[in-house]
Structures are given as C-alpha cells and as structure tokens.
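Visitor: got a sequence here, can you build the structure:
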Amino acid sequence: MTATLPMSNFPPNRRARLRPAVLLAFVLIQTIAAAFFLGDAANDLMATPADYHTLFEAFVALALVAGVILGTRELRVALSRLRDQAQALATAKGALADVIAAEFERWGLTPAERDVGLLALKGFDVAEIAALRSAAQGTVRAQLSQIYAKAGVSGRAQFAAIFVEELLAGPLETDGAKAT
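Guide: Residues are numbered from 1 along each chain as shown. Predicted coordinates for the structure are as follows:
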C-alpha cells in the first residue's frame with residue numbers, strides 16, 4: 001500500500017463551496033418564473049372574464065410563489081444547520097486535538113513518538129508511517145510498542161479507544177440542552 005497524505009493537507013471540496021451559489025441561482029430562476037406566471041395570471045384575470053382555466057392558472061401561479069417562499073425558507077434553515085454542524089465538527093476536532101496533546105504530554109512521549117502516535121491514530125499502518133517518516137519499519141514498530149507501553153494499552157485499538165472515551169466522557173448535549 002502506498003503512503004497517502006492526511007486529508008487536512010488538501011483544500012476544501014470545491015463542489016461544497018459552490019453548492020450554496022448553485023442553489024441560490026435556482027431560487028433566483030424560480031423567483032423570476034413565479035413572477036412571470038403571477039403577472040401573466042393577473043393580466044389574464046384583468047383582460048378577460050374569469051373562467052376556470054384563468055382561475056386555475058392564477059391558483060398555480062400563487063402556489064408557485066408559495067413554493068418559492070417556503071423553499072427559500074427551508075433552504076436557509078438547511079444551510080444554517082450545515083454551518084452549525086460544520087462548527088460543531090471543527091470544535092470536536094479541536095477538542096480531540098487537545099485531548100491527544102494532553103495525553104501525549106502526560107505519557108511523556110518523545111517528539112518522534114508523538115509523530116508516530118498521531119499517524120497511527122490517523123489510521124496509517126506501519127509501512128505507511130515508516131515511508132512518511134523516512135524510517136525503518138522496525139523503528140516504527142519499536143516506537144509504537146513504546147507508545148502503547150507508556151499509554152498502558154496492548155495495541156492500536158485500545159490506543160485509539162482512549163481518545164474516543166475521553167471525548168465521550170463529557171456531558172451529552174441534545175437539542176441544545178444538556179442531558180443529566
């Protein structure tokens with residue numbers, strides 16, 4: 001398996017950045033269409049006596065306007081939720097980084113062990129870590145053994161579980177209210 005770079009080294013997804021602009025363009029097109037059909041229906045109602053076809057056309061135009069208004073409102077809510085979730089994820093990432101740094105400090109890991117430990121937590125295997133650090137695989141295995149011994153665990157799964165457990169040890173929050 002070839003060594004890969006952590007995802008944090010890449011710029012944000014271009015499609016994700018363009019999505020709000022594309023959605024806004026569609027809402028704008030729908031708004032123009034709704035205004036056109038509403039104006040056409042109003043013109044028809046003023047020009048000719050009201051018949052079922054004209055009344056139905058006016059009803060459909062009003063429904064289109066209502067759809068644009070409600071759709072825009074729901075889009076704003078959805079985009080707001082996405083921003084909130086992105087912020088919560090960034091906070092969780094920061095919290096995890098703080099937990100990792102604190103534990104590494106508490107265990108007295110050397111700088112090399114910190115690098116190897118972080119790469120192991122990111123999911124890299126021994127060969128990938130060795131390639132990224134320009135080190136022998138035996139050296140990486142020895143460093144991982146030292147890390148596990150200092151952490152008081154027997155392997156990678158227990159090592160990773162320490163950090164997940166730390167994050168989950170805090171109070172649960174549901175819908176903005178803390179659970180007791």
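Visitor: centroid residue for the chain?
Guide: The chain has residue 86 as the residue nearest its centroid, 5.0 Å off, counting by C-alpha atoms, centre = their mean.
Visitor: so that one versus residue 16, what's the distance?
Guide: 10 Å (C-beta to C-beta, to the nearest Å). Yep, even glycine has a C-beta here, placed from its N, CA and C like the rest.
Visitor: is it true that residue 113 touches residue 143?
Guide: Yes: when contacts are counted by C-beta atoms under 8 Å, residue 113 is listed as touching residue 143 (5.4 Å).
Visitor: what do those two both touch?
Guide: Counting by C-beta atoms under 8 Å, 6 or more residues apart in numbering, residue 113 and residue 143 have no contacts in common.
Visitor: same for the longest helix along the chain, what does it pack against?
Guide: Longest helix in the chain, counting residues (DSSP state H): helix 52-107. If you count contacts as 3 or more C-beta pairs under 8 Å, 6 or more residues apart in numbering; DSSP states H and E, helix 52-107 packs onto helix 14-47, helix 111-121, helix 137-151, helix 156-168.
Visitor: run the angle between it and helix 111-121 for me.
Guide: 150 degrees (axes from the mean of the first three to the mean of the last three C-alpha atoms, to 10 degrees).
Visitor: ok now helix 52-107, how far from the chain's centre?
Guide: How far helix 52-107 lies from its chain's middle: 11 Å, per C-alpha atoms, centre = their mean, to the nearest Å.
Visitor: any idea how far residue 85 is from the nearest residue to residue 148 once chain neighbours are set aside?
Guide: Leaving aside its chain neighbours, residue 148 sits nearest to residue 159 (6.0 Å; criterion: C-beta to C-beta, 6 or more residues apart in numbering). Noted for residue 159: a distance of 28 Å to residue 85, by C-beta to C-beta.
Visitor: higher neighbour count, the two?
Guide: The neighbour comparison of residue 159 against residue 85 (other C-beta atoms under 10 Å) goes to residue 159, with 19 against 10.
Visitor: give me the pLDDT for the more buried one.
Guide: What the model reports as pLDDT for residue 159 is 92.
Visitor: who's in contact with it?
Guide: Per C-beta under 8 Å, 6+ apart, neighbours of residue 159: 117, 120, 121, 147, 148, 151, 153.
Visitor: for residue 48, give me phi and psi.
Guide: Main-chain torsions, residue 48, degrees, to the nearest 10: phi -130, psi 160.
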